[in-house]
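Chemist: just the structure for this:
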Amino acid sequence: MLFQIKSYLHFLWKSTNQHGVHSPFVYNLITKCFYNRKKRASYASIIPIYKKNTPEISLKNAKLLNRLVPYLKYRTILIPENASGFISQVVSINNAVSVSYAIEDQDSFDFIYLDIKKIKNNSDFLDTIFSKVHNDSLLLLNSINKSKESQSFWEQIQNHPKTKVTINTFDFGFVFFRKEQEKEHFIIRV
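Modeler: As a prediction, the model looks like this:
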């Protein structure tokens, strides 16, 4: 618990909002999606699912995931270690998506969700995941600041040659592969 408190204080010290961002792609993502407070019809469906499960993310983050999919126009989603089905339900509500649980299901995915607590920190797994992305894909990691091991894995992903843009929102780590962008790392308060 002490580690998480220290991590959060460090996050607050280093983080910014949209005003510290000079990338148009990231600025628009933050202002039009992350900070979008308009009530979506899907939120009414998320709440009972949230209450019925033992979700690994907050209700606020569940709503963010639900609006992220249409904002980025994603259709194919991979959730390889999602035993509860909570994340797949949240991203599917009022979104026309195809959710896969097996990494072999297709050549590439628009959106890959991983919970760092549920995966092993090994380079073979990471190479397999990175082989399933395209230029506009998002790799979203949950629990990037839960432990020293999680932070170490997050840093490994940030330093991967395919990684171009990362956004640390404390709970989530967003990884984009946009070849047209310079490598940048953002720490954003959501």
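Chemist: quick one: contacts of the lengthiest strand in the chain?
Modeler: Longest strand in the chain by number of residues (criterion: DSSP state E): strand 133-142. With Cβ atoms under 8 Å, 6 or more residues apart in numbering as the test, strand 133-142 has contacts from 56-57, 65, 68, 72, 74, 108-117, 129-130, 153-154, 157, 162, 171-180. C-beta: built from backbone N, CA, C; applies to glycine.
Chemist: which of the residues you listed fall within helices?
Modeler: 65, 68, 72, 129-130, 153-154, 157 (DSSP state H).
Chemist: tell me the centre residue of this structure?
Modeler: Leu140 (2.5 Å; Cα atoms, centre = their mean).
Chemist: wait, Ser45 sits on Asn95?
Modeler: No - Ser45 sits out of contact with Asn95 when judged by Cβ atoms under 8 Å, with a separation of 11.2 Å.
Chemist: ok, back up a step: buried by neighbour count: which residues of the longest strand of the chain qualify?
Modeler: 133, 137-142 (16 or more other Cβ atoms under 10 Å).
Chemist: show me where this structure has its strands.
Modeler: Under DSSP E, the chain gives strands at 76-78, 98-100, 109-115, 133-142, 165-168, 172-176, 184-187.
Chemist: low-confidence bits of the chain, can you list those?
Modeler: Scanning the chain for pLDDT under 70 picks out 19, 82-84, 120-122.
Chemist: look up phi and psi at Arg37.
Modeler: Backbone geometry at Arg37, expressed as degrees, to the nearest 10, gives phi -100, psi 10.
Chemist: now, of the contacts of strand 133-142, which are buried?
Modeler: Buried among the contacts of strand 133-142 by 16+ other Cβ under 10 Å: 56-57, 65, 68, 72, 74, 109-116, 129-130, 153-154, 157, 162, 171-177.
Chemist: burial of the spatially closest residue to Ala41 that is not a sequence neighbour, as a residue count?
Modeler: Using Cβ to Cβ, 6 or more residues apart in numbering and skipping the chain neighbours, the partner closest in space to Ala41 is Asn94 (6.1 Å). Using other Cβ atoms under 10 Å, Asn94 has 14 neighbouring residues.
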